[in-house]
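>>> model this:
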Amino acid sequence: MIENPYLNVLFFAALTIVFIISCSYGLGYVAKTIARISGGSPKTQDNAFAGYFFAAPWIVGFLIFVIVPLGFSLYWSFTNYRIASGVPTSWVGLENYQTVILKDDSFRSSIINTLYLTVIGLPLQVALALFLAVLLNQKMRGERVFRMAFYLPVILGFNTAVLLCWRLMLNTGTGIINQLIRSLSVSFPPFNWLNRAVIYAQEVSAAFFLGLNTGKFNLMLKVLEAGFPADNRVPLWVQSPLWTKMSVILLMLWGCGTMMLIFLSGLNNIPKELYEAAQMDGASPWQRFWRISFPLLTPYIFYNLVVGMIGALQIFEPIFVLYRDNQPIVSSTISMVYYLWQKSFSHFEIGYGSAISWVILAIIMVVTVIQFRLQDKWVTYDIY
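Take a look at the predicted model:
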């Protein structure tokens, strides 16, 4: 092994390049040989070589970094494999799956938390993306600037630096979001009433879901007994278990730019003659949207729901960055993937964590299949 770290990096980089080139040539020659044995013409053989030569880096990477880890994960899910435990790995069969599905209350709580984020957060995300798309579809000044501004969160992503900035902005006392809420509540009394009503509804619903986790609804009863919030109340975004999931939903809404662009593309594909004909018949803007735009956008809504559902069921980064060090309230936000991370990379229970990952995969597949089965009842693919 080379002692100099820089030369070590260069050595492994060169070795990786040689490996990729070798795999590309090897896979290309295998494809060319198969084409020749199958009776293909010299042109067909050359095309097979060229195609698999350029596709080989992806194919080899997919095999090494996806298929092989999947195989190991599936095998480990039937074992008691633990890192640095000193206990030899042994085959336990379906014991891990039985524990995850039937006995693990913490995993059940993570399912309920993820369900909250999906059932409440995803419809709000889709609705906001659709609203922004309709707004940007109006030909206005600075349209491209607004498109870039609304899509910028997608470019920034849920990286640690951005999420730490959000953690500062969501601070109850000094965060800019609550400072804006206080200022608007003082200067505009109707907003104060709306803010207090939203706080009350949010805390009641969050207390109900927390009661589902523990089986006790004492917290919800306390919220109901406390009644309507006082004038000086603001959301306790990262300080209260009643608001932790809503802060994650707020981040989901912030990152709706991809859905917005998909809806915007769908709106641009709707024939203008339909709007012109409806306008000639005296249809209002709302009627034109509800009778023309919305039915023809249902394929795009369906796509965003499927992709958004998969993303919501796998949410991890916001919870990890915002609440990992906040032990008193982290249990109120643990998602399925966060619980998988805890078991696999915090407790080093690789076998049990692998079983959790396959259970999560099964849940996502079932939900996706149900969505595809129901699409015939509300998705419209025909324009005329």
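
>>> Number of residues surrounding V126?
19 (other Cβ atoms under 10 Å). Glycine gets a C-beta too; all of them are placed from N, C-alpha and C.

>>> Which strands and helices lie in contact with the helix or strand that contains it?
V126 is part of helix 122-137, with elements assigned from DSSP states H and E. With contacts defined as 3 or more Cβ pairs under 8 Å, 6 or more residues apart in numbering; DSSP states H and E, the packing partners of helix 122-137 are helix 143-156, helix 244-254, helix 257-268, helix 294-313.

>>> From the contact counts, what lies against the lowest-mean-pLDDT helix or strand in the chain?
Taking mean pLDDT, DSSP states H and E as the measure, the chain has helix 327-330 as its least confident helix or strand, at a mean of 74. If you count contacts as 3+ Cβ pairs under 8 Å, 6+ apart, helix 327-330 packs onto helix 317-323.

>>> still on that earlier bit, return the distance of the least confident helix or strand of the chain from the chain's centre.
The chain centroid and the centroid of helix 327-330 are separated by 22 Å, computed with Cα atoms, centre = their mean, to the nearest Å.

>>> give me phi/psi at T79?
Per-residue torsions, T79: phi -130, psi 170 (degrees, to the nearest 10).

>>> picking up where we left off before, just the helices and strands packed on helix 122-137: most buried one?
Sort the helices and strands packed on helix 122-137 by mean neighbour count, taking mean count of other Cβ atoms under 10 Å, and helix 244-254 sits at the top with a mean of 21.

>>> Show me what that helix is packed against.
Partner elements for helix 244-254 (3+ Cβ pairs under 8 Å, 6+ apart): helix 122-137, helix 160-169, helix 189-214, helix 317-323.

>>> and among those helices, the most buried is which?
Buried most deeply of the helices and strands packed on helix 244-254, by mean count of other Cβ under 10 Å, is helix 317-323, with a mean of 22.

>>> Domain parsing of this protein, as residue ranges.
Following automatic domain parsing, one gets these domains for the chain: 5-76, 102-172+236-377.

>>> Looking at these, which is nearest to G211?
Among the domains of the chain, the nearest to G211 by Cβ to Cβ is domain 102-172+236-377 (9.8 Å).

>>> Straight-line length of the closest one, end to end?
Taking Cα to Cα, to the nearest Å, the first and last residues of domain 102-172+236-377 lie 34 Å apart.

>>> Quick one: distance of that domain to the chain centre.
With Cα atoms, centre = their mean, you get 6 Å for domain 102-172+236-377.

>>> Use 17 as the first number from now on
Sure, I'll start numbering at 17, so the last one becomes domain 118-188+252-393.

>>> what about this structure, any weak spots by pLDDT?
17-18, 101, 399-400 (pLDDT under 70).

>>> Would you mind confirming that Y354 makes contact with F336?
Yes - applying Cβ atoms under 8 Å, one finds Y354 in contact with F336, separated by 6.4 Å.

>>> if we can go back for a sec, in a markdown table: the helices and strands packed on helix 138-153, plus distance to S93.
Compiled in a markdown table, the helices and strands packed on helix 138-153 are given as follows (distance: least, Cβ to Cβ, whole Å):
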| stretch | distance to S93 |
| --- | --- |
| helix 159-172 | 34 |
| helix 260-270 | 28 |
| helix 273-284 | 32 |
| helix 310-329 | 19 |
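
>>> for I376, what are its contacts?
329-330, 352-353, 356 (Cβ atoms under 8 Å, 6 or more residues apart in numbering).
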